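**Q** how would this look folded up:
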Amino acid sequence: MRLPFEEAVTRHGPTVLRVCRAVLGAGADADDAWSETFLAALQAWPDLPEDTNVEAWLVRVAGRKAIDITRARARHAIPTDTLPERTTALGQASDDTAHVWADVARLPERQRLAIAYHYLGGLPHTETAQIIGGTPDAVRRAAADGIRTLRRQLRAEQSPTDAARTADVSPPTAPDRTPRTSPDHRTDGAAR
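**A** Purely as a prediction, here's the structure:
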């Protein structure tokens with residue numbers, strides 16, 4: 001049985017917002033894409049098949065709304081001197097995570113979209129490939145390259161003390177399983 005629409009908004013709204021912010025950056029455009037996603041979803045809700053993966057469907061709708069906004073941005077820019085007031089803390093980047101969102105925004109578009117849809121939206125690489133184009137292997141590679149870049153940037157942003165501490169910690173090694181005595185040498189001193 002399908003969820004009531006209000007419950008779907010409550011349950012999947014944060015995921016949709018994260019995807020919108022990963023594609024568009026934190027700000028009004030991401031909030032607009034989130035709103036347009038749920039307006040479109042509300043219209044289609046009565047006709048949605050019962051067996052639909054609602055979260056994946058909402059992420060796909062959000063991706064399309066984000067693309068619409070990206071295209072609108074390319075057509076004309078609207079400069080502003082004032083920032084909108086923050087009315088909700090839902091999905092807002094805190095001061096300690098703002099740099100992560102800035103790093104994500106600096107990724108090449110394919111890497112950013114692959115990360116947004118796969119890691120934040122939970123879509124498999126096959127569905128992500130259908131949304132952004134290309135093959136699942138190419139999307140998997142773009143996502144891996146993006147994650148590697150983000151990890152490298154995170155390491156570079158660490159303080160020298162944190163970086164040294166991280167570098168000094170090596171993964172545990174497997175215990176030495178070599179026998180103390182070989183079959184050719186007896187421990188009792190007797191010859192074979």
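**Q** Neighbours of residue 102, how many?
**A** Neighbour count for residue 102, taken as other C-beta atoms under 10 Å: 13. (C-beta placed from N, C-alpha, C; glycine too.)
**Q** Run through the residues that contact it.
**A** Neighbouring residues of residue 102 by C-beta atoms under 8 Å, 6 or more residues apart in numbering: there are none.
**Q** And it, how far from residue 69?
**A** 19 Å (C-beta to C-beta, to the nearest Å).
**Q** ditto for residue 154
**A** 28 Å.
**Q** Show me which of the two is the more surrounded one.
**A** A side-by-side neighbour count of residue 154 and residue 69, using other C-beta under 10 Å, places residue 69 first with 18 against 12.
**Q** Just checking the distance from the strand or helix carrying that one to the centre of its chain.
**A** Element membership for residue 69 (DSSP states H and E) is helix 54-75. Taking C-alpha atoms, centre = their mean, to the nearest Å, the mean C-alpha location of helix 54-75 is offset from the chain mean by 15 Å.
**Q** Do you have the helices of the chain handy? List them.
**A** 5-24, 28-44, 54-75, 98-105, 109-115, 125-132, 136-157, 160-168 (DSSP state H).
**Q** okay, now residue 156: neighbour count?
**A** If we define neighbours as other C-beta under 10 Å, then residue 156 has 9 of them.
**Q** again but with residue 62, I slipped
**A** Neighbours of residue 62 using other C-beta under 10 Å come to 30.
**Q** I'd say it and residue 37 touch.
**A** Yes: Residue 62 lies in contact with residue 37 (C-beta atoms under 8 Å); the separation is 4.4 Å.
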